[in-house]
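> Attaching a predicted model along with its sequence, questions to come.
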Amino acid sequence: MKFKFSKLAALVVIAAIALSVAPMAHAQAGEYVKTFDLPKTPATDGAYKDVDPSGVTFVWWHNHTQARETALKAIIDKFNAGNPWKITVNPLNKGGYGDIYQAMLAGLQTKDLPGLTVAYQNEAGTYQTANGLVDLNDFVNDKTYGFGDKGLADFFQGFLASDINSQFNGQRTGFALYRSMEVLYYNADALKTLGHDAPPKSWDEFKQWSCDFVKANAGKIGYEVRTDASFVAAATFAQGGDIYDYKAGKFTYNSPAAMVAPQVMQDMLKSKCASLIANPGGFSDQNDFTSGKSLFYIGSSSGIPFIDGGIKKAPQPFAWNVTAIPYKDQPVQNVYGASVSIPKTNTKTQLAAWLFVRWFSEPEQQAAWATASQYFPVRQSTAAGLADVFKAVPAYKTAFDLLKTTKAEPPFAGYNPIRAEASNALNDVLDGANVTERFTKLNDTANDLIAKYKPNLTPATPKPATKAATAAGTMAATMAATKAATAAK
């Protein structure tokens with residue numbers, strides 16, 4: 001018996017085929033295809049050709065606690081319930097950044113690794129010295145699972161660039177799902193009393209207005225000086241410079257741009273318009289700002305909701321806002337934050353983890369996470385879903401608008417000891433050392449350290465915290481400090 005294929009049946013088949021290949025065709029043409037609309041069958045080309053992630057379950061090592069952890073679980077539940085591959089993500093709070101770093105070092109030896117882990121860029125660099133991570137360029141640029149040109153254009157480009165590591169020939173060792181940045185908090189009411197309706201733009205204004213504030217307010221101070229490496233980097237970026245020359249492959253702490261803020265800080269201490277932080281580990285500078293004792297505070301934008309809460313609870317609340325770090329020609333902000341990395345396990349788990357990361361980066365999920373966490377979203381189009389946040393927290397909107405021009409600190413394995421040296425150099429300057437001489441020495445030390453760096457992939461034995469260790473810190477500890485302290489409040 002001969003089977004007769006009707007015209008109607010033919011049209012139905014053609015339409016079905018068109019629908020099934022449409023998402024892939026759009027992706028190849030540069031369009032962004034939402035994750036849940038990607039082809040359900042394995043890709044026919046690319047690094048993950050013929051890999052089927054269906055039914056995979058993997059663990060995500062993260063550090064979020066309290067309200068942020070609750071929000072994270074809700075987002076993950078949505079993915080687990082709705083993704084067409086029946087992938088299951090199991091979130092696991094593995095402790096702080098340092099705990100996760102040590103667990104990853106151990107896992108690289110035992111091969112007991114999660115499917116996804118939180119990691120600062122320099123930590124990811126250390127993992128990659130053991131060839132422990134997936135190069136996410138394989139996903140980002142994939143014809144099926146990538147973002148397409150239009151999708152990539154929606155990201156804040158500085159965020160995308162921050163995980164590309166030149167130590168490993170441009171491999172992308174992580175992917176940003178959120179960021180925060182260094183900002184200047186200011187007491188708007190106090191500035192208005194001094195005759196200023198806008199925050200300072202230059203370090204000269206910052207210094208002069210701090211001195212004016214001290215003269216007009218006995219017992220108060222203009223600014224309590226941060227001495228960590230991220231402040232050094234932020235101040236350098238804002239002067240139009242950088243702490244590392246990627247073309248020359250050398251640190252540039254000896255540049256004029258890097259020395260401007262240290263000299264200002266030294267001058268302000270001498271004139272008693274600034275002071276050292278009484279208790280850095282206890283965040284006394286943040287508390288002094290929220291109580292109205294100091295005119296300025298410099299810290300992470302992720303602390304905005306906590307600064308707001310502290311000021312509202314103060315005996316005399318005041319109007320405040322955030323602004324760019326004092327700059328030379330235009331604002332350039334230091335953005336930072338941990339990314340997520342995909343350890344090398346097996347191709348099915350790696351693809352499953354990527355599909356989750358890709359989905360998490362979409363505007364709807366980004367808006368939900370930004371609303372709950374007060375971190376910045378990674379996609380510009382997320383702004384459309386943040387109207388309520390912008391209205392409720394004006395300072396967050398002010399900071400969001402500063403994301404147009406950003407830089408990030410080097411993602412290198414071996415950056416931790418260099419960060420400690422940068423902090424030591426600034427502390428020496430505050431003690432009276434010549435800025436040019438001390439930062440020239442810092443630059444020589446930094447380049448010597450990175451040239452001789454050999455990774456230690458042995459997990460450290462936990463030791464009691466010491467004052468010296470707290471002062472030096474690691475990138476993860478420094479970046480996490482504001483978040484950890486404010487989250488506990």
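That came through, no problem.

> isn't Lys348 right up against Val51?
Yes - Lys348 is in contact with Val51 according to CB atoms under 8 Å; the separation is 6.0 Å. From N, CA and C alone the C-beta is placed, and that goes for glycine too.

> Give the residue spans of the stretch 351-489 of the chain that score low on pLDDT.
462-489 (pLDDT under 70).

> And the strands in it?
For the stretch 351-489 of the chain, the strands defined by DSSP state E, counting those that start in this stretch cover 406-407.

> mind listing the helices for it?
Taking DSSP state H, counting those that start in this stretch, the helices of the stretch 351-489 of the chain run over residues 363-373, 387-392, 394-400, 415-430, 435-452, 467-472, 475-487.

> Taking helix 415-430 as reference, get the angle to the longest one.
Note on geometry: by axes from the mean of the first three to the mean of the last three CA atoms, to 10 degrees, helix 435-452 and helix 415-430 are set 170 degrees apart in direction.

> Report the buried residues of helix 435-452.
435, 438-439, 441-443, 445-447, 449-450 (16 or more other CB atoms under 10 Å).

> got it, and the first one?
The neighbour-count check on helix 363-373 (16+ other CB under 10 Å) flags 363, 365-373 as buried.

> got it, and stretch 74-90?
Those would be 75-76, 79, 83, 85, 87-89, for stretch 74-90 by 16+ other CB under 10 Å.

> What lies in contact with that stretch?
Stretch 74-90 is contacted from outside by 35-36, 40, 53-60, 91, 115-116, 352, 355-356, 359-360, 365, 368-369, using CB atoms under 8 Å, 6 or more residues apart in numbering.

> Quick check: PyMOL command selecting the buried ones in these.
Buried residues within these, by 16+ other CB under 10 Å, are selected in PyMOL with:
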select buried, resi 35+53+56+58+59+60+91+115+116+352+355+356+359+360+365+368+369
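
> Show me where the stretch 151-300 of the chain has its helices.
Using DSSP H, counting those that start in this stretch, helices in the stretch 151-300 of the chain cover 157-161, 188-193, 203-216, 229-238, 256-270, 284-290.

> now the stretch 1-150 of the chain
According to DSSP H, counting those that start in this stretch, the helices that the stretch 1-150 of the chain contains are 7-28, 66-82, 97-110, 121-128, 137-140, 148-153.

> Show me what the fifth one is packed up against.
What it means is helix 137-140. strand 171-172 (3 or more CB pairs under 8 Å, 6 or more residues apart in numbering; DSSP states H and E).

> And the fourth one, by the same measure?
Contact here means 3+ CB pairs under 8 Å, 6+ apart; on that basis helix 121-128 packs against helix 97-110, strand 164-165, strand 339-341, helix 415-430, helix 475-487.

> between the fourth one and helix 229-238, how big is the angle?
I take that to be helix 415-430. 80 degrees.

> What residues of helix 415-430 count as buried?
Buried residues in helix 415-430, counted by 16+ other CB under 10 Å: 415-416, 418-430.

> Could you dump the buried residues of helix 363-373 into CSV and include distance to Lys150?
Rendered in CSV, the data for the buried residues of helix 363-373 read as follows (distance: CB to CB, whole Å):
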residue, distance to Lys150
Pro363, 13
Gln365, 18
Gln366, 16
Ala367, 19
Ala368, 23
Trp369, 22
Ala370, 21
Thr371, 25
Ala372, 27
Ser373, 27
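
> contacting residues for the closest residue to Ile100 other than its chain neighbours?
Closest residue to Ile100 apart from its sequence neighbours, by CB to CB, 6 or more residues apart in numbering: Lys94 at 4.8 Å. Contacts for Lys94 (CB under 8 Å, 6+ apart) come out as 61-63, 100, 103, 117.

> one step back: comparing the helices of the stretch 151-300 of the chain, which comes out most buried?
Of the helices of the stretch 151-300 of the chain, the one with the most neighbours on average (mean count of other CB atoms under 10 Å) is helix 229-238, at a mean of 26.

> Quick one: residues in contact with that one.
Contacts of helix 229-238 (CB under 8 Å, 6+ apart): 182, 242-243, 253, 255, 257-258, 260-262, 298, 324-328, 331-334, 336, 407, 409, 418-420, 422-423, 425-426, 475, 478-479.

> which residue is nearest the centroid of the protein?
The centroid of the chain falls nearest to Gly337 when counting by CA atoms, centre = their mean (2.1 Å).

> If the nearest residue to it once chain neighbours are set aside is in a bridge, with which residues?
Of all residues not flanking Gly337 in the chain, Arg179 sits nearest, at 4.4 Å (CB to CB, 6+ apart). Beta bridges link Arg179 to Phe376 when assigned by DSSP bridges.

> what sits against Arg179?
Contacts of Arg179 (CB under 8 Å, 6+ apart): 156, 159, 162, 335-337, 375-376, 378.

> low-confidence ranges in the chain?
Where the chain drops to pLDDT under 70, the residues are 1-29, 462-489.

> how does it look with 90?
1-31, 279-283, 454-458, 460-489 (pLDDT under 90).

> Looks like Cys273 contacts Val214 (just checking).
Yes - if you go by CB under 8 Å, Cys273 and Val214 touch, sitting 5.3 Å apart.

> what's the overlap in contacts for the two?
In contact with both Cys273 and Val214: 221-222, using CB under 8 Å, 6+ apart.

> between the contacts of Lys94, which is nearest Leu191?
Taking CB to CB as the measure, Leu191 lies nearest Asn63 of the contacts of Lys94, at 36.0 Å.

> Quick check: phi and psi at that closest one.
phi -120, psi 10 (degrees, to the nearest 10).

> Distance check, it against Lys111.
According to CB to CB, to the nearest Å, Asn63 stands 22 Å off from Lys111.

> ok, these two, which is more surrounded?
Asn63 (21 against 10; other CB atoms under 10 Å).

> Please report the distance of the more buried one from Ala119.
10 Å.

> Need the overlap of contacts for the two.
100, 338.

> quick one: contacts for Asn137?
170-172.

> Most neighbours of all those, which one?
Neighbour-wise, the contacts of Asn137 (other CB under 10 Å) top out at Arg172, 25 neighbours.

> Next, count neighbours for the closest residue in space to that one that isn't next to it in sequence.
With CB to CB, 6+ apart as the criterion, Arg172 has its nearest non-adjacent residue at 4.2 Å, and that residue is Leu136. Leu136 has 24 neighbouring residues, counting by other CB under 10 Å.

> my guess is Leu136 meets Ile342, correct?
Yes - counting by CB under 8 Å, Leu136 touches Ile342, with 6.7 Å between them.

> Give me the common contacts of those two.
With CB under 8 Å, 6+ apart as the test, Leu136 and Ile342 both reach Trp354.

> Looking at strand pairing, list the partners for Gln333.
Thr406.

> From Trp320, how far off is it?
From Gln333 to Trp320 the distance is 19 Å (CB to CB).

> just Arg358 next, same as before
For Arg358, the distance to Trp320 - CB to CB - is 37 Å.

> quick one, phi/psi of Lys86?
Torsion angles, degrees, to the nearest 10, at Lys86: phi 60, psi 40.

> Now Gly219: closest residue in space that isn't a chain neighbour?
Lys293 (7.8 Å).

> If you tally nearby residues, what's the number for that neighbour?
17.

> dump the residue contacts of it.
219-221.

> For PyMOL, what selects the buried ones among those residues?
Burial among the contacts of Lys293 is assessed by 16+ other CB under 10 Å; the matching PyMOL selection reads:
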select buried, resi 220+221
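
> Can you lay out the contacts of Lys293 as JSON lines showing distance to Lys312?
Shown next, in JSON lines, are those (distance: CB to CB, whole Å):
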{"residue": "Gly219", "distance to Lys312": "23"}
{"residue": "Lys220", "distance to Lys312": "20"}
{"residue": "Ile221", "distance to Lys312": "22"}
